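take this sequence and fold it.
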Amino acid sequence: MADQNVPPRRPRDDRGWDGRQQHTPDTYGDPSASGSYGYDSPHPYQGGYRAQGDPREQYVDGYAYNAQPAPGPRGPQWVGPEGLGRPAPARPAGAGLPTLDDDDEPGRKVGRRKAMAAIGGTAAVVAGGAALAMTPQFRDLFGDEAAADATGNTVTDGTAARPSGQQPSTVRTYTEQNESYMGSRAGEALKKNAPAGGRTFSGPAAAAAATEVTVKTVLAKDPVLHLARRATFGATPAVVADIKKQGIDAWIRSQLDPDKIEPSKAELKLSELPTQSLSVQQLRDQRDKLNDMGAQPEREVVDATLARQIWSKRQLFEVMVDFWNDFLHVAADFDGGEVYRTSFDKDVVRKHALGSYPEMLVAANKHPALLIYLNQKDSRKDAINENLARENLELYSVGVDGGYKEGDVRQAAMLQTGRGVDDKGQYVLRVNQHYMGKVKILGFTHANTFSIKDVNNPTAKEIAAVDAAIDKYITYIALHPSTAKYVAQSLATRFVSDTPPKSLVDRLAKTYSSNNGMIKPVLMTLFSSSEFWAAVGQKVRRPMEYLVATYRTLGVSPEASPKNNNGDNKRTPFARGLRQIHDKLRELGQYPMGQPTPDGYPDVYVAWTSAGTMVNGWNEAGEIVAGYRTVFTYTAPEKLVKAPATAGAYVDALSLRLVGQKLSTREKNLILGVAGVAATAKVDATFNGAITAVARAILASPQHHLR
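Down below sits the predicted model:
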């Protein structure tokens, strides 16, 4: 594309990501002050991509530069009743559960760490036989039993020189984030076990009944369990019973109509998070009061999301909210997030999660959260910022291989000039800052010339005409064939496999296009496809999904334990408990809306191969099983099932309760080794004192890590 209508670049245009912009009307308190109502985290764009081992580039004003892998999440810290880094609660004598970092106890037949490694070492094995991609540090921790490093080394060919006629993807080794990880040796191993192709049936139940599962997997090939694992944040006895009672088709239809599903007790308790019911204007007006309360809206929106993931009955809706939070990503922790991120969650993501993606993208491009997050509020005709225009194409619609070139980015940036945020924190289009002149972007053309008598004092009709031109472009790219393919690929990766079959992606893209970007028909095509039902065991839970699933399967209640002594007069036990989960997930490296860069979290297993994260997750599962924190009510581990008389039968019963199926003989023997008893040994309800360790070991199994 020729460089027509491209204004001269100014020094201002060459700056990097302006993540820490001081949006003066909404900057509450000193951003560096601990506990202030504002942004108190590091620069949101420092360090590039957060996932360990990611070789991809950092972004600087849209250009790609080679970057060293970002440091991983912080080491394990205790998350006590008061949150991250606070003192641990006192535990009853003899009730402590050793962490996996403890030395093996002398005389134990099977060392705890080696047993857990053997149990959980295949947890992320989608193929059932491929090795877990463990780092050298992981092998040092567990000995020589672990498999080889599967991350591999990748060299990028990124360059700062992007001529306007060059396709952006040509300066990269990979086309997009998930694919960049799947280029490793581990990714190649996973591809060999993915379903090859399939067809669409008349409905989900028909597809489930006609599909044979041929891939290698440790999971039971039960379609009800498979649906419960994929369409929720974790199967529970109640969910499985509900699917069996309603039938697969009726259950999916009900989940696709979430407004008719009654709210859970936890959702009704979200009123205990004081900022979640406040509008943008109320958050601005009440900032001093909220500061005094210690309220942090940008963190409470994460807390509320976690509560819904764990306890909501609208599980498929919450899974889709999480999907869009990665696809159309706006981090919660940015300067302005304390005011605008809750509204973005409600008015953009949740409003359209099962509706129209074009409408969602149009709404996002008029929302202050996105306009501030990607610096669009600073873009004007004489000083154009390309950030939002670039990400609209690269991340939010057609994808980096979608066919656009650098000239398209520049002209899109010109078309979007003038959009911003006014002093009241509301969306505004400043016509006097809007570039006028013909634009051509990826096949979209518009004269972009308007009859306006006074650009400094335009009428509402004149403003609407300019706004409509920009909306028309946003709708165009949201319905572009490349966007259909990109959304389809992303949905198939989330619900089916890290390497979804092209046959499925093509059918989903066709459904997306023929239904003008409506999401429900795409999901129905997905659930009615044999590829979905054939992909048992082809997805691994990311850290957040693992922890949320653990809370769900253990039946943790949002009500405070009778033993709770609420020492915080500012927050209820429920609010404090959600913050504890939130803080733990920060340690693990993944939490809702947590990725600082606008690409969202990767959705493939090889992006999350971290020894520290895995061990930390296992230890946290032990804390939940033991129920040491009193902010919630836990089922005592000895009461999860009616205890059989022998150890082997007890492990079988507990496995059915926690992961929906029995474990293999080898896995069961390893768990019995953790307890130090034989399968035929007589045990009481406490498993002779080892019930917590046994339950934790089951939760470290592949059957709980896979979804």
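
can you tell me the helix or strand for the closest residue to residue 402 other than its chain neighbours?
Among residues not flanking residue 402 along the chain, residue 482 sits closest, at 3.4 Å (CB to CB, 6 or more residues apart in numbering). Where you see a C-beta, it was placed from the backbone N, CA and C, and this is true even at glycine. Applying DSSP states H and E as the criterion places residue 482 in helix 481-495.

neighbours of residue 271, how many?
By the criterion of other CB atoms under 10 Å, residue 271 has 11 neighbours.

quick one: find the helix or strand in this protein with the lowest mean pLDDT.
strand 79-80 (a mean of 25; mean pLDDT, DSSP states H and E).

in the helix holding residue 482, what counts as buried?
482-495 (16 or more other CB atoms under 10 Å).

ok, stretch 652-669 next?
652-655, 657-663, 667-669.

one more: stretch 244-255?
248, 249, 251, 252, 254, 255.

could you dump those residues into CSV and include secondary structure?
As requested, the buried residues of stretch 244-255 are exported to CSV (DSSP: H, G, I helix; E, B strand; the rest coil):
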residue, secondary structure
248, helix
249, helix
251, helix
252, helix
254, helix
255, helix
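
now, which of those residues sits nearest residue 346?
Closest approach to residue 346 among the buried residues of stretch 244-255 (CB to CB): residue 255, at 20.2 Å.

which outside residues touch stretch 529-536?
194-195, 197-201, 207-208, 210-215, 217, 219, 221, 223, 226, 230, 492, 495-497, 500-501, 503-504, 507, 526 (CB atoms under 8 Å, 6 or more residues apart in numbering).

if we go to 6 Å?
Here stretch 529-536 makes contact (CB atoms under 6 Å, 6 or more residues apart in numbering) with 195, 198-200, 207-208, 211, 213, 217, 219, 221, 226, 496-497, 501, 504, 526.

which of these count as buried?
The neighbour count (16+ other CB under 10 Å) marks 195, 198, 200, 207-208, 211, 213, 217, 219, 221, 226, 496-497, 501, 504, 526 as buried among the contacts of stretch 529-536.

for the buried residues of helix 481-495, which one is nearest residue 592?
residue 494 (14.8 Å).

test my guess that that closest one contacts residue 323.
Yes: the pair residue 494 / residue 323 is scored as a contact, 5.4 Å apart, by CB atoms under 6 Å.

hang on, the earlier thing: which of the buried residues of helix 481-495 sit farthest apart?
Using CB to CB, those span at most 20.6 Å, a distance reached by 482 and 495.

tell me how far residue 231 lies from residue 707.
To residue 707, residue 231 is 10 Å away according to CB to CB, to the nearest Å.

just residue 296 next, same as before
31 Å.

next one: residue 664
18 Å.

now do the contacts for the residue nearest to residue 402.
Residue 482 neighbours (CB under 6 Å, 6+ apart): 398, 402, 403.

roughly how far does it sit from residue 400?
As defined by CB to CB, residue 482 lies at a distance of 10 Å from residue 400.

surely residue 445 is within a strand?
Yes: Residue 445: assigned to a strand according to three-state DSSP.

residues in contact with it?
Going by CB under 6 Å, 6+ apart, residue 445 touches no other residue.

now do it against residue 572, distance only.
56 Å.

residue 425 now?
28 Å.

how about residue 258?
Relative to residue 572, and taking CB to CB, residue 258 is found at 26 Å.

now swap in residue 330 and tell me
From residue 330 across to residue 572, the span is 28 Å (CB to CB).

comparing these two, which residue is more hemmed in?
Between residue 330 and residue 572, counting by other CB under 10 Å, residue 330 is the more crowded of the two (25 against 18).

contacts only, for that one.
Taking CB under 6 Å, 6+ apart as the test, what residue 330 contacts is 344, 369, 370, 373.

go with 8 Å
Applying CB under 8 Å, 6+ apart to residue 330 gives the contacts 337, 341, 344, 364, 369, 370, 373, 593, 598.

pLDDT score assigned to it?
pLDDT recorded at residue 330 is 97.

now swap in the one 10 residues further on and tell me
According to the per-residue confidence, residue 340 scores 97 in pLDDT.

kindly report the same for residue 396.
Value for residue 396, per-residue pLDDT: 97.

could you check how far the residue nearest to it when sequence neighbours are not counted is from residue 365?
Closest residue to residue 396 apart from its sequence neighbours, by CB to CB, 6+ apart: residue 328 at 5.4 Å. Distance, residue 328 to residue 365, by CB to CB: 10 Å.

who's in contact with the nearest residue to residue 550 once chain neighbours are set aside?
Sequence neighbours aside, residue 621 is the residue nearest to residue 550 in space, at 5.1 Å (criterion: CB to CB, 6+ apart). For residue 621, the contact set (CB under 8 Å, 6+ apart) comprises 547, 550, 696, 699, 700.

how many neighbours does the last one have?
Residues within reach of residue 700, counting by other CB under 10 Å, total 31.

quick one: it from residue 631, how far?
Taken as CB to CB, the span from residue 700 to residue 631 is 24 Å.
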